[in-house]
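*Asks:* A structural model of the following input is requested.
(2 chains)
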Amino acid sequence: MSVLQLNKVNVIYPPPKRGGSEVHALEDINLTIEGNDFMVALGASGCGKTTLLNVMAGFIQPNSGDVLLDSRPIKGPGADRGVVFQQHALLPWLNVMDNTSFGLMLQKKKSEERKKVAAKYLGLVGLEEFLSHYPYQLSGGMRQRVGLARALTSNPAILLMDEPLGALDAITRETMQELVLDIWRQTKKMVFFITHSVDEAIFMASRLIVMSPRPGRIIHSYKLDFYQKFFETRDARSIKSLPEFIEMRQEILDIIHGDEIRIDQG
Amino acid sequence: MSLVNSFKESSLNYFSKVFGRGPVKPGESYGAPGIGNSTAISVVTSVTLIFLWWFVTNMGWIKPLFLPTPESVLKKFVSVWSEDFGGSTLWGHSKASLFRVFTAFFLACVTAIPVGIGMGVNRVFRGVFDPPIEFYRPIPPLGYLPLTIIWLGIEDLQKITLIYLAIFAPMALNARSGVRSVTIEQIQMAYSLGATRAQVIWHVILKGAMPEILTGMRIGIGFGWTTLVAAEMVAAEAGIGHMVLSAAEFLVTDVVIMGIFVIGGIAYMFDLLMRFIERKIVPWKGKM
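*Replies:* Okay, here's the model as predicted:
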């Protein structure tokens, strides 16, 4: 069982223009992701969600505070944390198979092993029939599935997903939510998942944090189990119209809107 | 003011009468400028131009000294192919020119592309190479041609150096801007899968910059050819430009025109070659 820990993490960006003030992107963030948490971060644009993910991925070094994966400090990006990007970040000159096994190629794994591992995860995301397609021949949802399979190949301790479904149409998005949940259950990995969509957050999260901008902080945190109902009934739409689901959504929207009013006045 | 406006209106009316279209045909989108196939029109244009050339020269309306007949130009192509003209045969001149342009092109590929990539990924590289390249890039090669003659004479070495310099800047700058076309997500993706810096440069940046590197090569070889022919007209002992110039000195107009066609033909072949290479190496170009 892995643990990702953030203790009193601060990230301060330099002023965007001369004479401006510094941007306090993250202020004293304390967060522990462990076991097989599916942690969803929700919040308005500019609240520091992506900065938080970049700190975990090692793309950004915090100004102060500790970021520890299994007690070892994170010094930079590494294969123990798989990242799924909003804009798929596939390499257009590689086919689906080679894009998926890209990490294994970098790690100098043998060709047969690469193919075996990549095929396993491509099967998991339902793309086993598209191995020799190129990214430009795939739909948006399929591209994201390749990105997900690619992140899984190096068997990371945690999956970091930065609005992975944000660029998809509504129908594909619902299918992908279910797919991501199923893969999470099968691979038993920790997940850190960013989204703008309140419904998506409530539906998928085992733990939900709501963030607020200027400075970026965690203002609320929940433990949820709607995903559990989905595994039992496999009926996502009924779950999303349950009274307790709607109540939850109302509560979170109130928090976010109340927060916006605070910022507009402040 | 009203005079200007009414002029504007009447000329616009004239244009819409000449170039205006009726309703769109199925499969066409309304308002797209210049839609429709123009190949047939181009063929007609070419045939008409050649026919006009043939007609006016055969009617004797223009003296052969100014414009020889198409037949005599074609005959010259056949005869000069194997006969000596201006110190060599047509094939000999072409070989001399092609050797120069390809040697310079090869040298530029193996130096300018690494330098351009280096400038893209490393600030020291960029700091060192930016001033000299930006200084000499806007100077027309014929501007520093006299200096290369003083330094290196008029042999192959001088020609190759001149074309090399002419090609180096566009190729390096295209490679550099190719590096910028790689997205930060693609680079971070590779790092997050455990890539080393060398692996990122080789497997992500170099490959991602390839379409623009090839564009640089295509611009480079075209520019190199232009520069070479001009340089051979200034001072040379062989080469296709030299052949055209010596023909002009003796007023052998049919060889001059034949030479122009050969120069154009070779330039067109370079373009076809580069397009072929592009299709082979970067088939994904423009698709994502």
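*Asks:* List the contacts of residue A:90.
*Replies:* The contact partners of residue A:90, taken as CB atoms under 8 Å, 6 or more residues apart in numbering or on different chains, are A:99, A:135, A:143, A:146-147, A:150. No exception for glycine: its C-beta is placed from N, CA and C like everyone else's.
*Asks:* interface residues of chain B facing chain A?
*Replies:* B:183, B:185-186, B:188-196, B:199, B:203-204, B:207-208, B:210, B:282, B:284, B:287-288 (CB under 8 Å from any CB of the partner chain).
*Asks:* and these, which are buried?
*Replies:* B:185-186, B:188-195, B:199, B:203-204, B:207-208, B:210, B:282, B:284 (16 or more other CB atoms under 10 Å in any protein chain shown).
*Asks:* What residues does the stretch 151-266 of chain A have near chain B?
*Replies:* Residues of the stretch 151-266 of chain A lying near chain B (CB under 8 Å from any CB): A:151, A:154.
*Asks:* Please repeat the previous calculation with a cut-off of 7 Å.
*Replies:* residue A:154 (CB under 7 Å from any CB of the partner chain).
*Asks:* what bits of the stretch 151-266 of chain A have low per-residue confidence?
*Replies:* The stretch 151-266 of chain A contains residues with pLDDT under 70 at A:262-266.
*Asks:* rewinding a little: from the buried ones among the residues of chain B next to chain A, which land in helices?
*Replies:* Among these, the ones falling in helices (DSSP state H) are B:185-186, B:188-192, B:199, B:207-208, B:210.
*Asks:* I'd like the residues you listed as CSV, with distance to residue B:275 and pLDDT appended.
*Replies:* Below are these laid out as CSV (distance: CB to CB, whole Å; pLDDT from 0 to 100):
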residue, distance to residue B:275, pLDDT
B:185, 30, 94
B:186, 26, 95
B:188, 33, 95
B:189, 31, 96
B:190, 30, 96
B:191, 35, 96
B:192, 36, 95
B:199, 31, 96
B:207, 20, 93
B:208, 20, 93
B:210, 15, 94
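*Asks:* farthest pair in those?
*Replies:* Maximum pairwise distance among these (CB to CB): 22.7 Å, between B:192 and B:210.
*Asks:* can you give me the helices in the stretch 101-250 of chain B?
*Replies:* B:123-136, B:141-152, B:156-180, B:184-192, B:197-199, B:207-234, B:240-249 (DSSP state H, counting those that start in this stretch).
*Asks:* Quick check: which of the ones you listed is nearest to residue A:127?
*Replies:* helix B:184-192 (17.8 Å).
*Asks:* Which neighbouring elements make contact with that closest one?
*Replies:* In terms of contacts (3 or more CB pairs under 7 Å, 6 or more residues apart in numbering or on different chains; DSSP states H and E), helix B:184-192 is packed against strand A:81-84.
*Asks:* so does the helix or strand immediately after the strand it packs on in the chain get close to chain B?
*Replies:* Tracing the chain C-terminally past strand A:81-84 and defining elements by DSSP states H and E, one meets helix A:96-100 next. No: contact of helix A:96-100 with chain B (CB under 7 Å from any CB) is absent, the minimum separation being 9.8 Å.
*Asks:* So the helix or strand just after helix A:96-100, near chain B or not?
*Replies:* Downstream of helix A:96-100, the first helix or strand assigned by DSSP H and E is helix A:102-106. Yes: using CB under 7 Å from any CB, helix A:102-106 reaches chain B at A:102-103, A:106.
*Asks:* between the residues you listed, which is nearest chain B?
*Replies:* Closest approach between the residues of helix A:102-106 next to chain B and chain B, by CB to the nearest CB: residue A:103, at 3.2 Å.
*Asks:* Quick check: which ranges of chain B have low pLDDT?
*Replies:* In the predicted model of chain B, residues B:1-3, B:16-22, B:288 satisfy pLDDT under 70.
*Asks:* Residue A:52: neighbouring residues, count only.
*Replies:* 29 (other CB atoms under 10 Å in any protein chain shown).
*Asks:* For whatever helix or strand it lives in, C-alpha coordinates in CSV please.
*Replies:* Assigned by DSSP H and E, residue A:52 falls within helix A:49-57. The C-alpha coordinates for helix A:49-57 follow below in CSV (Å, rounded to 0.1, in the frame of the first residue of the first chain):
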residue,chain,number,x,y,z
LYS,A,49,-5.9,22.2,-8.8
THR,A,50,-3.4,21.8,-11.7
THR,A,51,-0.6,23.3,-9.6
LEU,A,52,-1.3,20.7,-6.9
LEU,A,53,-1.2,17.9,-9.5
ASN,A,54,2.1,19.3,-11.0
VAL,A,55,3.6,19.3,-7.5
MET,A,56,2.7,15.6,-7.1
ALA,A,57,4.0,14.8,-10.6
